[in-house]
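Novice: any chance you can model this:
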Amino acid sequence: MTSDLLRLTVLGSATPYASVDNPCSGYLVSSGGTRVWVDAGSGTLAQLQRHARLDELDAIWISHLHADHSADLLTAYYAALYADIRLAAPIPLYGPPGIADRLAHFLTNTSTRSLVESAFAVHELVDGHQARVGALTMTSRAVAHGVPAFAVRIEAEGRSLVYSGDSAPCANLTRLAEGCDVLLCEAESDRTPPEGEQVHHTPEDAGDTAGAARAGRLIVTHVGRSLTPQQAVARASARFDGPIDHAAPGAVFSIG
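Specialist: Numbering: from 1, shown residues only. Next up, the predicted model:
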């Protein structure tokens, strides 16, 4: 394994709250010297520090603003400004519209707005947003989660990883994942809801999305509390005949 590989490190994958041994959703994606923290769920900042300090990150990317994907941005703010971290410049932060104000409202105790932009250089995502971050190209697409939410395709040197964020099956996600080396796809739901809007994948849906996109490999993540990871992998395998793994905390996957 060499440093120029596209690499996925699982910081946590629990939902909707952290387990004793599994933080909420968060990943470190790296290639060469480039490091991006993808989703910042509860507990992931602690695990991130096993691999990189905040001042060693090239960017942070947030799929949506539910706490199990974004809560550790609050403590990262304090770390970046009021502790032993010395930022050369604010960390680029890519996230849904309104992310800066959402953080500021959480952080302030007074009528004065928190200076979120002192810690983070905020870039709001839109459907089709593209960014070049060091060695990585990142393309974001809006997905179906009932709130503003995004999936991302991360590419480096011909290798590709697609992360669903939280989403029901949708055309944007399938198109984004077309021909990717690895699809990191949530499998939160035990079953499709009998009524109302679907906002998550079942394991079978994850298999279907991977198959429709012709992904090389499927990694199921964000597995709901009514399922075990083994059950999720087994159920997804009924719909996808490629290799399937679970995003176990601490796991490292080399891509491509």
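
Novice: wait, what's in contact with residue 159?
Specialist: In this structure, residue 159 makes contact with 5, 6, 31, 181, 255, 256, judged by C-beta atoms under 8 Å, 6 or more residues apart in numbering. Just so you know, the C-beta spots here come from the backbone N, C-alpha and C atoms, and that holds for glycine as well.

Novice: okay, the helix or strand of the chain with the lowest mean pLDDT in PDB with CA atoms only?
Specialist: When each helix and strand of the chain is scored by mean pLDDT, DSSP states H and E, helix 99-107 comes last, with a mean of 91. What follows is helix 99-107 as a C-alpha-only set of coordinates in PDB (Å, rounded to 0.1, in the frame of the first residue of the first chain):
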ATOM      1  CA  ILE A  99     -24.200  25.500   6.800                       C
ATOM      2  CA  ALA A 100     -22.300  28.600   8.000                       C
ATOM      3  CA  ASP A 101     -25.300  30.200   9.700                       C
ATOM      4  CA  ARG A 102     -26.400  26.800  11.100                       C
ATOM      5  CA  LEU A 103     -23.000  26.400  12.800                       C
ATOM      6  CA  ALA A 104     -23.000  30.000  14.000                       C
ATOM      7  CA  HIS A 105     -26.400  29.600  15.600                       C
ATOM      8  CA  PHE A 106     -25.300  26.600  17.500                       C
ATOM      9  CA  LEU A 107     -22.000  28.200  18.700                       C
END
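
Novice: mind listing what's buried along it?
Specialist: Neighbour-count burial for helix 99-107 flags 99, 100, 102, 103, 104, 107 (criterion: 16 or more other C-beta atoms under 10 Å).

Novice: now these in TSV, with distance to residue 246?
Specialist: Output for the buried residues of helix 99-107, formatted as TSV (distance: C-beta to C-beta, whole Å):
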residue	distance to residue 246
99	29
100	34
102	31
103	31
104	36
107	34
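
Novice: circling back: who are the packing partners of the least confident helix or strand of the chain?
Specialist: Helix 99-107 is packed against helix 72-82, helix 116-119, strand 120-124, with contacts defined by 3 or more C-beta pairs under 8 Å, 6 or more residues apart in numbering; DSSP states H and E.

Novice: so residue 94 touches residue 121, yeah?
Specialist: No. Judged on C-beta atoms under 8 Å, residue 94 makes no contact with residue 121 at a distance of 9.6 Å.

Novice: which one of these two has more residues nearby?
Specialist: Between residue 94 and residue 121, counted using other C-beta atoms under 10 Å, the more crowded position is residue 94 (25 against 15).

Novice: so which of the buried residues of helix 99-107 is the closest to residue 206?
Specialist: Lowest distance from residue 206 to these (C-beta to C-beta) belongs to residue 99, with 26.5 Å.

Novice: now the closest one: how far from residue 9?
Specialist: Distance of residue 99 to residue 9, computed by C-beta to C-beta, to the nearest Å: 23 Å.

Novice: ok, residue 89 next?
Specialist: From residue 89 to residue 9 the distance is 24 Å (C-beta to C-beta).

Novice: have a look at the two and say which one is more surrounded.
Specialist: residue 9 (21 against 7).

Novice: once you drop chain neighbours, what's closest to that one?
Specialist: residue 28 (4.2 Å; C-beta to C-beta, 6 or more residues apart in numbering).

Novice: how is the one you found assigned, secondary-structure-wise?
Specialist: strand (DSSP: H, G, I helix; E, B strand; the rest coil).

Novice: so how far is residue 119 from it?
Specialist: The value you get for residue 28 to residue 119, if C-beta to C-beta is used, is 19 Å.

Novice: likewise for residue 75?
Specialist: Residue 75 sits 11 Å away from residue 119, going by C-beta to C-beta.

Novice: again, but for residue 98
Specialist: 17 Å.
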